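> Here you go, sequence then predicted model.
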Amino acid sequence: MFARYQDGIDEVHLAELGQVQVPQLPKDNEERYGQCLFYKTLADETKSCFNRIINIFNDISVLLQPILDDTERQPIFNRSMIRKIFGVLNNQYLDDEGHLKVFKAACRLGEHICTDIIVHHQNRQELLLKFWSTIGIANLELIKPEIQTNLLKMIISIFQEKIFFLSEKYLVHAILLRTALDAQMYKTTIKNFVHLLLDGFSYEKQQDDSVIIKLKHDLKTYENLCRIYDSQIIHRLINA
């Protein structure tokens with residue numbers, strides 16, 4: 001989605017320019033991308049696929065414009081939805097790294113749309129009960145956003161202290177101790193909470209053949225671990 005009109009000029013994102021209706025945008029693809037060195041190396045078939053993708057996203061951009069400009073239609077998309085839509089549009093598609101970014105952005109957008117549909121078509125209280133019972137969080141006091149945030153940050157803190165666990169149950173026990181929660185009442189709930197994070201764990205075999213659990217290196221920040229948590233919730237709800 002990027003073009004260089006001449007060497008040294010910053011890349012221009014055409015789908016976003018389409019939002020503000022820049023009249024001088026070249027219509028011809030070769031004129032748009034002719035100065036881009038990477039584009040010149042592409043095979044004709046690849047260029048054709050690239051151009052079709054650009055046309056699709058430009059059409060989406062044009063369709064969005066009247067919605068964003070019309071105050072009566074704006075409630076269709078909340079700010080979070082709009083950010084994720086532009087997250088898809090605001091990418092370049094020429095290399096593998098760009099492809100991966102687009103797929104991830106599209107996945108986040110799809111998850112958000114599914115959530116929006118669920119939220120807006122059910123009674124809120126009934127939805128909350130079904131939502132958390134589906135993923136095994138039975139204690140409703142644990143579904144408060146601030147509680148979940150604290151639990152995720154606590155897990156990161158535990159692993160940062162280089163405490164090693166032979167299985168998930170030891171991690172569950174450590175969380176129960178730190179939160180001073182009643183083990184009988186909350187053990188199953190915390191266990192299900194930890195299971196939502198299994199994709200964020202790695203398992204390392206020791207010399208004595210035991211296996212310890214570690215937090216994956218790229219998930220040692222709250223934002224990244226929260227992303228795994230959210231995606232697993234959506235995955236379970238979709239498959240329920």
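That came through, no problem. Bear in mind that the values here come from a model prediction, so they are computed numbers and not experimental data.
> Quick check: mean pLDDT of stretch 213-228?
The pLDDT scores in stretch 213-228 average 83.
> all strands for the protein, in order.
Using DSSP state E, the strands found in the chain span residues 2-3, 12-13, 201-205, 211-215.
> out of the ones you listed, nearest to Asp96?
In terms of Cβ to Cβ, the element of the strands of the chain nearest to Asp96 is strand 2-3, at 15.3 Å. C-beta coordinates here come from the backbone N, C-alpha and C atoms, glycine included.
> Could you break this protein into its assigned domains?
Annotated domains of the chain cover 2-120, 124-239 [automatic domain parsing].
> what is the mean pLDDT for the first one?
Across domain 2-120, the average pLDDT comes to 69.
> Tell me how many other residues crowd Lys214.
Counted by other Cβ atoms under 10 Å, the residues lying close to Lys214 total 15.
> who does it bridge with?
Assessed by DSSP bridges, Lys214 has beta-bridge partners Ser202.
> can I assume it is in contact with Glu204?
Yes. Taking Cβ atoms under 8 Å as the definition, Lys214 is a contact partner of Glu204 at 5.8 Å.
> so how far is Leu215 from Phe86?
Distance of Phe86 to Leu215, computed by Cβ to Cβ, to the nearest Å: 31 Å.
> And Leu196, by the same measure?
Distance from Leu196 to Leu215, by Cβ to Cβ: 14 Å.
> Check Glu168 too.
From Glu168 to Leu215 the distance is 12 Å (Cβ to Cβ).
> Now the common contact residues for these two.
Taking Cβ atoms under 8 Å, 6 or more residues apart in numbering as the criterion, Glu168 and Leu215 both touch Phe201.
> who's more crowded, these two?
Counted by other Cβ under 10 Å, Glu168 and Leu215 do not tie: Leu215 has more neighbours, with 19 against 15.
> tell me the contacts of the more buried one?
155-156, 159, 200-202, 225.
> Give me the spatial nearest neighbour of the spatially most central residue of the chain, chain neighbours excluded.
What sits nearest the mean C-alpha location of the chain, by Cα atoms, centre = their mean, is Arg108, with 4.1 Å. Spatially, and ignoring its direct neighbours in sequence, Arg108 is nearest to Lys84 (5.5 Å; Cβ to Cβ, 6 or more residues apart in numbering).
> count of residues packed around that neighbour?
Neighbours of Lys84 using other Cβ under 10 Å come to 19.
> That one reaches His112, doesn't it?
Yes. In this structure, Lys84 is within contact of His112 by Cβ under 8 Å, at 5.3 Å.
> from what I can see the residue nearest to the centre of the chain touches Phe86, true?
No. Arg108 lies out of contact with Phe86 (Cβ under 8 Å); the separation is 11.7 Å.
> quick one on the thing from earlier: of the contacts of Leu215, just the buried ones, ChimeraX syntax please.
Applying 16 or more other Cβ atoms under 10 Å to the contacts of Leu215, the buried members can be selected in ChimeraX as follows:
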select :155,156,159,200,201,225
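> Could you dump the contacts of Leu215 into CSV with distance to Ala180 added?
Listed next are the contacts of Leu215 as CSV, based on distance: Cβ to Cβ, whole Å:
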residue, distance to Ala180
Ile155, 16
Ile156, 19
Phe159, 20
Gly200, 25
Phe201, 24
Ser202, 29
Leu225, 22
